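Enquirer: have a look at this prediction, sequence included:
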Amino acid sequence: MEWQPEPENLRQLIQMLNSTNMADNAVQQQNNQLLEQLSQVPDFINYLLYVLVFMKDESSLVRTVAGLLLKNKVKQDFKQIQRDVLEYVVRKSIDGIGDPITMVRHTLGTVVATVVALGKVSNWPDVLPRLLQLLDSSDYTVVEGSWDILHKICEECDQELEDPLPDGTRPLNVMIPKFLTFFSAESPVLREYAISTTTLFVTQRSECMQPMMDTFVVELFKRANDDNAEVLKAVCKAVVALVESRPDKLMPELENVVNYMIHTTQHSDPDIAMEACEFWLSFCEQEELVESLKPFLDRVVPTLMRGMVYSEEDLLMLDNDNNDAIVPDSDKDIRPRHHRARTHDQHQADAQASDGESDDESDDESDDDLDDYYAEWSLRKCSAASLDVMSTAFGDQILEFVLPVLKEELASEDWRIKEAGILALGAIADGCMTGMGPHLPSLLPYLIQWFKHTKALVRSIACWSASRYGKWAIYGTEPNTLKVYFEPLLAGLLEAMMDNNKRVQEAACSAFATIEEDAGPYMVPYIQPVLETLVRAFGLYQRKNMLILYDAVGTLAEAVGPELNQPQYVQRLMPTILERWENLQTYDQHMFPLFECLSAIALGLGPGFRPYAQPIYERSVQIAGETLQMCQQAQQDPSLDAPNKDLVIVALDLISSIVQALGEESQQLIAQHNCVALQLVGMCMVDSETDVRQSAFALLGDLAMNCFVLIQPQLEGIMQQLIPQIDSDFTHLNVCNNAAWSAGEIALKAGDEVMQPYVSPLLERLVPLLNNVNTPLTLAENAAITIGRLGLVCSSMVAPNLDAFAQRWCFVLASVKDNEEKASAFQGMMTMISANPHGISKAFLLFCQAAANWQTPDPRLMEMFVQTFAGLKQMAGNDWESSIGMLDPQSRQVIRERYNA
């Protein structure tokens, strides 16, 4: 007998489902309470399934919501649901797959795919055969519904479908041939399902797919001129997948493929054209293929440049020449930002004034990315990105095809065509900077002139394009480059930043941030006019552009460094920044960029930040502490919303910057606030989120350098937390990196007697990290420096292990720029060599090479090198000349002359 619902429970459920789309908060709260009650009813899953499958008189919305609740319930309680209940859900869902309502069919598909994905394909051996059998049904809705389930299962379980079942068969060996027969199905919906589903396994480089690849290609290109837009898009995506995973299947017919993709990139349907355009982007990213595109550049390049012209659809969204600077932004206009915690990087330590913190990862979201202030991914953006990658691949060779079109477009009276030319000019900047050099003296003034064009879209793209040539304007070979080119560019951008159109403000401010980052210390003579503009912008910008403005201020501080610490500059900037700091609510999303901005300012001002340090430090500690407390409360009470832990990260990073700025003076600031910062560090070093731990260890290292007397009483507990984070598998790379670095800073301050208990456990973790050739370079460098510092402080414990790491140690540190951290590490190495000279024998030549590469060793380091080489020379005796004779002549001369060896 079939399961039947209890009428009253069913009535309440239907009532609740009918009111789910009501906006009334009171009704929604009542619904939530009722849903909680109903979910306790035995067979609640069956009730939801009953509504979804059997109650055809109810609205599609009610049935669909029931299905989504069913899917969520299955995901949430999967391990607790009895097998027979799940079997009933799957069986009845597939039975109902021919439902006439598409939304209901697809919801049924989601339910089945969820169960199969959570329970593993092999545990549901009857599902795939039944679905494949249903593909032969004469009922279209059954076939379409079955395809929907199969597509979802293939997305969720692609690897499982590759694995043999208990009977030895691989599901894909049966499924793919069946899929291929649908490439020519009468229904375009079924053709699209077949192509897109099979393409999943091309993308995944499925082993089962390979024997059928030729058939796939043949059947695919039979649909090359399909009259359905969705099918054509699926064909284009499949061709891109082939380029990325099996280009050998396209290369024999490359000319035909290129001709087809050129034609399709110009399709009247912009969505089809965009999918086709992805081909050029993917092709040019394949280094082994790109050269084969060269014979076609004369046609591909103009096609891409034509694709950069705004479509009518784009303009409906973007074409706004209004003076909208006074129009407030809505929250939906502002994209969420994620703060990236700092990581100690030896290659930037010198530039960071020995603070040792910088981003370890490259930032994929550069200021050059038009995504910051234009529409979502489109044919225009894909065309520009493709031209960018193509110019990088071919360099100046591409200019013979770009320049004729560019000349025509830039001279056009049609602003849309001119704007596309300006976009193309910016897109080729990185790849063709040398070839564009002779043209830039005349082009750059035009770009600057277009900052004042009547169309806001032209003004904004001109700002972006000009910023791409900022390095040429700063470092170019033209006479008086700064005066003739950089100053007009800077002046033009500063003026454009005050534009009354918000999009132009955004583009100009982003471009300015790029320029000042490129210029670095060359910005120093222009600090005053820059600050005047930035401060005025704080009074003009709305919320969205304010985010970029904070970044521009922070980038200025990083670019000019201590030069910002002049009374006239500080007095002009800080009142505005402090006003924002004092008036912003803690959980305003502007707090994140403001924290980052203040961190950069603190580092730039150094001791000049002292008058502002206390209130900023106090609030940072308060915000971090409150946020951690609220997160703990939310863990204990699921009804509470947990705050964004990024606030903890930015607060720790700002405290770190204050400590670096004030140096040892920060000890007094921290002590007078009961060392709450140390308590925060202790909590955050064991936090569940890696970014929080990463910032905690960065701050710990800064505290060790500047406030060791405060952390010494807690050192045993700190080291117990620190040592396990130095993971030989570097599972959490940046946490491991910062922990290794902070251990070295602690060692320098703690001294021999205090550090002895921790040397062995540290070496057990640091030496394998250093010797592992797969260890990322930054982490290997920090491990090497910390080992050197341990050797400096506790030579008697480290020196006996010298031969276990000396070779890799010398090799890794050879690439690090000379700085104080490297110097202390080499002092430790030479102390260890003195204690165990035989330990350096395998690494002798590498050590000599490293000594010869030092550019400006300080006197103390010089003396240690001299003493070390004297000891090694004495030990080698008559073999000394033959030993250093293996060095290259220049290094040998440096060793003899500089170190008297």
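Expert: Good, I have the coordinates.

Enquirer: could you list the buried residues of stretch 58-65?
Expert: By neighbour count on 16 or more other CB atoms under 10 Å, the buried set for stretch 58-65 is Glu58, Val62, Arg63, Thr64, Val65. To be clear about C-beta, it is placed using only N, CA and C from the backbone, and glycine gets the same treatment.

Enquirer: what's the spacing between the third one and Ser760?
Expert: When distance is defined by CB to CB, to the nearest Å, Arg63 is 66 Å away from Ser760.

Enquirer: the last one now?
Expert: In this structure, Val65 lies at 61 Å from Ser760, with CB to CB as the measure.

Enquirer: likewise for the fourth one?
Expert: Here the distance between Thr64 and Ser760 works out to 62 Å (CB to CB).

Enquirer: same check on the first one?
Expert: Here the distance between Glu58 and Ser760 works out to 70 Å (CB to CB).

Enquirer: using PDB, list the CA coordinates for stretch 636-650.
Expert: In PDB, the C-alpha atoms belonging to stretch 636-650 read as follows (Å, rounded to 0.1, in the frame of the first residue of the first chain):
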ATOM      1  CA  GLN A 636      27.000  28.300  20.800                       C
ATOM      2  CA  ASP A 637      23.700  29.700  19.600                       C
ATOM      3  CA  PRO A 638      23.000  29.000  15.900                       C
ATOM      4  CA  SER A 639      20.100  31.500  15.800                       C
ATOM      5  CA  LEU A 640      22.700  34.300  16.100                       C
ATOM      6  CA  ASP A 641      24.400  35.600  13.000                       C
ATOM      7  CA  ALA A 642      28.200  35.400  13.100                       C
ATOM      8  CA  PRO A 643      30.000  38.600  12.200                       C
ATOM      9  CA  ASN A 644      32.600  38.700   9.400                       C
ATOM     10  CA  LYS A 645      35.900  37.500  10.700                       C
ATOM     11  CA  ASP A 646      37.700  39.700   8.200                       C
ATOM     12  CA  LEU A 647      37.300  42.400  10.800                       C
ATOM     13  CA  VAL A 648      39.600  40.500  13.100                       C
ATOM     14  CA  ILE A 649      42.200  40.100  10.300                       C
ATOM     15  CA  VAL A 650      42.200  43.800   9.300                       C
END
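
Enquirer: what are the contacting residues of it?
Expert: 338-339, 341, 586-587, 591-592, 595-596, 599, 623-624, 627-628, 630-631, 633-635, 684, 687, 689, 691-692, 694-695 (CB atoms under 8 Å, 6 or more residues apart in numbering).

Enquirer: buried set for the helix or strand hosting Met719?
Expert: In this structure, Met719 sits in helix 715-722 according to DSSP states H and E. Across helix 715-722, burial judged by 16+ other CB under 10 Å covers Leu715, Ile718, Met719, Gln721, Leu722.

Enquirer: can I get the residues you listed in TSV with pLDDT?
Expert: Output for the buried residues of helix 715-722, formatted as TSV (pLDDT from 0 to 100):
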residue	pLDDT
Leu715	95
Ile718	95
Met719	96
Gln721	95
Leu722	96
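
Enquirer: just to revisit the earlier point, in helices, which of the contacts of stretch 636-650 fall?
Expert: The helices, defined by DSSP state H, take in 591-592, 595-596, 599, 623-624, 627-628, 630-631, 633-635, 684, 691-692, 694-695 from the contacts of stretch 636-650.

Enquirer: and the helix holding Met719, what does it pack onto?
Expert: helix 676-684, helix 690-706, helix 733-750, helix 752-771 (3 or more CB pairs under 8 Å, 6 or more residues apart in numbering; DSSP states H and E).

Enquirer: before we move on, back to that, just the buried residues of helix 715-722 now: which is nearest Glu408?
Expert: Nearest to Glu408 among the buried residues of helix 715-722 is Leu722, at 63.1 Å by CB to CB.

Enquirer: test my guess that the closest one contacts Ala743.
Expert: Yes: under the criterion of CB atoms under 8 Å, Leu722 makes contact with Ala743 at 6.1 Å.

Enquirer: mean confidence for stretch 739-747?
Expert: Averaging pLDDT along stretch 739-747 gives 97.

Enquirer: can you check stretch 244-260 too?
Expert: The average of the pLDDT scores along stretch 244-260 is 94.

Enquirer: pull that stretch out as CSV, backbone CA atoms only.
Expert: C-alpha atoms of stretch 244-260 as CSV (Å, rounded to 0.1, in the frame of the first residue of the first chain):
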residue,chain,number,x,y,z
GLU,A,244,42.1,23.2,-23.7
SER,A,245,42.2,19.4,-23.4
ARG,A,246,42.6,17.8,-26.8
PRO,A,247,43.9,20.4,-29.3
ASP,A,248,45.3,17.6,-31.4
LYS,A,249,41.8,16.8,-32.5
LEU,A,250,41.4,20.3,-34.0
MET,A,251,44.9,20.9,-35.4
PRO,A,252,44.5,18.8,-38.6
GLU,A,253,41.5,21.0,-39.5
LEU,A,254,42.8,24.2,-37.9
GLU,A,255,42.1,26.5,-40.9
ASN,A,256,38.5,25.3,-41.1
VAL,A,257,38.1,25.7,-37.3
VAL,A,258,39.6,29.2,-37.3
ASN,A,259,37.3,30.2,-40.2
TYR,A,260,34.3,28.9,-38.4
